[in-house]
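Enquirer: Need a 3D model of the sequence below.
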Amino acid sequence: MSDRPIADYALLSDCQTAALVSRDGSVDWLCLPHFDSRSVLGRLLGPGAGHWSIRPAGPHTSRREYLDRTLVLRTEFRTDGGLLTVTDALASGLDQRGHDLGRDAPHALLRVVECVEGEVEIDIEFAPRPEYGVVRPLLIAQEGGLHCRGGPDTLGLCSPVPLRISDMARGRHAMRAGESVAFALHQVRAGGGPELWTQEDIHTHLRDTVRGWCSWSELHQTYEGPWARLVQLSGLVLQGLTFQPTGAIIAAPTTSLPESVGGVRNWDYRFAWVRDASFTLDALWVAACPDEAEAFFRWMAHAAASDPSRPAPMQIMFGIRGERDLSERQLPHLPGWRDSRPVRVGNDAWQQHQLDVYGELLSAAHRLRRYLGDLDAPTKAFLAGCADAAVTHWQSPDQGIWEIRGEPRHFVYSKLMCWVAVDRAIRLADELDAGERVADWSRARDEIRTAIEQHGWSDTAGAYTQSFGSDVLDASVLTMPIVGFLAADAPRMRGTIDAIRERLTGPDGLVHRYLPPDDGLPGGEGAFLLCTFWLAQALALAGDVEAARDLFERAAGCANDLGLMSEEVDPVGGELLGNFPQAFSHIGLVNAAWAIHQATLFDA
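Expert: Model (predicted):
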């Protein structure tokens, strides 16, 4: 059973895949060559699923940080005998700068060890286990390292330290101040030879990766308001979750990290949700100049394209290359993090009907319209078609933003986002060459507003609620003032904000999605960081800046030492829960920080 706290991990990314590195120097999650590939190192989900650790041989303490404006990690290990640093990165590709970051990533994990003071002995363990731990490959020593045979591809490990091979490769190496050793793990195409990199090759790729991330940050990181470090780190994380070859944006780089310890709410998040990706682009407008927006919308238009003679609701999520069939299966050989079973790959939510996607896409397109350039005819038709679909389907029930695995309902948030879809389409009508549709869109916008006001408000709850005719509160309605449906200080909205503060906020001050969790699944879940940031943003819009600031600080304080956040927080122990790092949480942080900053400027 893997039981290391989720907060112990750091993210590495080359904008094609990701790795998680523990504060103790162990890489416990790596999928090659892409985010959604089968893991090569997977100890995060089971002790036999593979790891690669480099750490001092004896007792030590550690501290870590990202190099400025990058996702390159440096960990300092202090021992009785000296000081050691390990610098970790996924190589981004030589001479790839700015928007091209990661375009031709070589699929190589780099680890450079330097002895800064005194003498330190390091231990190395390398236990690759391809295909989620199913394969125990043959390790074959060669000059400069080893290679691994077994499974669809060959892995090469560049190691200047001789390694003993048994069930894994192990080595020990004594270092003195001023000495360094460099390692690299890279994938070799099927049938190819294991060409190992030299020490200079590894150092060259590491230096170039640092320069690549810095060049991206120079172009994009423009936010200078409060909590700038956290906002800028969130921008880097969101870029790190972007699949450069297509522009798809994943929800998180992991699968099956649970929403409650030992529970069954364990999902694969390594896919591009329309909702999450649209929210990410919206957040990048604050954290970074969103030059990637046009590429994303073109990719989405391509992925969602279908025969117009057979119209159907748009799929809510896609694979990172545009795949549609994301069928879910279980991996019974893996015990899961802290025995949280089942471990799943794939996600059956791809088959769900969710109406909110139209509004989220069009909202992002409207926010980013200055950056979209001259859209081609298919993309214009796609975006206009999203508004038409909202008009056609808004009266239908669906599974809602939280992907409830029960009977469809008339969720207020879904209706709200249909309203957003037609509202933004009206504002974009000229850019979409759709002026003739504005009258129909305007009628639908009025009809949706009337339905929400008549059926989405509960006198009993004193708030807008989860679904039509219900008294159950749901934090998703906090987005009403955020999307401009009504003012945050309007009486009904103020009542909703107060009700959620009172009845959906736990003793830790963090907000839950809804209570009780009546969603067709057993067990409970943690507090949601996105919902907490939504409440902070709504409070700022309502003019309650001090309350918003206090709540923001409470939510941001849940991040780990590097500023990374998962989806949820254990309401009892305060541990991070769920897939990690989670785009939703970083999106919420960026938007709440921006709203509070703007409210502060307005008050001044």
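Enquirer: In the chain, where is pLDDT below threshold?
Expert: Judged by pLDDT under 70, the chain has its weakly predicted residues at 1, 189-194, 287-292, 306-312, 516-523, 603-604.
Enquirer: my read: Ser62 touches Leu73, true?
Expert: No - when contacts are counted by CB atoms under 8 Å, Ser62 is not listed as touching Leu73 (11.5 Å). Bear in mind the C-beta positions are built from the backbone N, C-alpha and C, glycine included.
Enquirer: Alpha carbons only: can I get the helix or strand harbouring Ala592 in PDB?
Expert: Element membership of Ala592 [criterion: DSSP states H and E] is helix 583-603. The C-alpha trace of helix 583-603 is given here as PDB (Å, rounded to 0.1, in the frame of the first residue of the first chain):
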ATOM      1  CA  ALA A 583      -6.300  22.200 -12.500                       C
ATOM      2  CA  PHE A 584      -9.600  23.200 -11.000                       C
ATOM      3  CA  SER A 585      -8.000  24.200  -7.700                       C
ATOM      4  CA  HIS A 586      -5.300  26.300  -9.400                       C
ATOM      5  CA  ILE A 587      -7.900  27.900 -11.600                       C
ATOM      6  CA  GLY A 588     -10.000  28.900  -8.600                       C
ATOM      7  CA  LEU A 589      -6.900  30.400  -6.900                       C
ATOM      8  CA  VAL A 590      -6.000  32.500  -9.900                       C
ATOM      9  CA  ASN A 591      -9.600  33.900 -10.400                       C
ATOM     10  CA  ALA A 592     -10.200  34.600  -6.700                       C
ATOM     11  CA  ALA A 593      -6.900  36.400  -6.400                       C
ATOM     12  CA  TRP A 594      -7.700  38.500  -9.500                       C
ATOM     13  CA  ALA A 595     -11.200  39.300  -8.100                       C
ATOM     14  CA  ILE A 596      -9.900  40.400  -4.700                       C
ATOM     15  CA  HIS A 597      -7.200  42.500  -6.400                       C
ATOM     16  CA  GLN A 598      -9.800  44.200  -8.600                       C
ATOM     17  CA  ALA A 599     -12.100  44.800  -5.600                       C
ATOM     18  CA  THR A 600      -9.300  46.300  -3.600                       C
ATOM     19  CA  LEU A 601      -8.400  48.700  -6.500                       C
ATOM     20  CA  PHE A 602     -12.000  49.700  -6.800                       C
ATOM     21  CA  ASP A 603     -12.300  50.400  -3.100                       C
END
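Enquirer: Sort out which residues of it are buried, please.
Expert: 583-597, 599 (16 or more other CB atoms under 10 Å).
Enquirer: Which strands or helices does that helix pack on?
Expert: Under the contact criterion of 3 or more CB pairs under 8 Å, 6 or more residues apart in numbering; DSSP states H and E, helix 583-603 touches helix 228-240, helix 274-287, helix 529-541, helix 545-556.
Enquirer: quick one, which of Ser62 and Leu73 is more surrounded?
Expert: Each of Ser62 and Leu73 has its neighbours counted (other CB atoms under 10 Å); Leu73 has more, 21 against 16.
Enquirer: in the sheet, who's paired with that one?
Expert: Tyr66, Asp88 (DSSP bridges).
Enquirer: gap between Ser180 and Cys115?
Expert: 7 Å (CB to CB, to the nearest Å).
Enquirer: what about the helices in the protein?
Expert: Taking DSSP state H as the criterion, the chain carries its helices at 199-220, 228-240, 274-287, 293-304, 356-367, 377-393, 412-427, 438-455, 479-482, 491-503, 529-541, 545-556, 583-603.
Enquirer: so how far is the first one from its chain's centroid?
Expert: Put plainly, it is helix 199-220. Relative to its chain's centre, helix 199-220 lies at 22 Å (CA atoms, centre = their mean, to the nearest Å).
Enquirer: who does it touch, helix- and strand-wise?
Expert: Using 3+ CB pairs under 8 Å, 6+ apart: helix 199-220 touches strand 82-90, strand 108-127, strand 180-188, helix 228-240.
Enquirer: and what of the fourth one?
Expert: In terms of contacts (3+ CB pairs under 8 Å, 6+ apart), helix 293-304 is packed against strand 248-249, helix 274-287, strand 317-318, helix 356-367, helix 377-393.
Enquirer: Just tell me which of the ones you listed ends up closest to Trp457.
Expert: Among the helices and strands packed on helix 293-304, the nearest to Trp457 by CB to CB is helix 356-367 (19.0 Å).
Enquirer: So what's the gap between the closest one and the chain middle?
Expert: 19 Å.
Enquirer: Look at Ser180 and Cys115 and report which has more neighbours.
Expert: Neighbour count, other CB under 10 Å: between Ser180 and Cys115, Cys115 has more, with 23 against 15.
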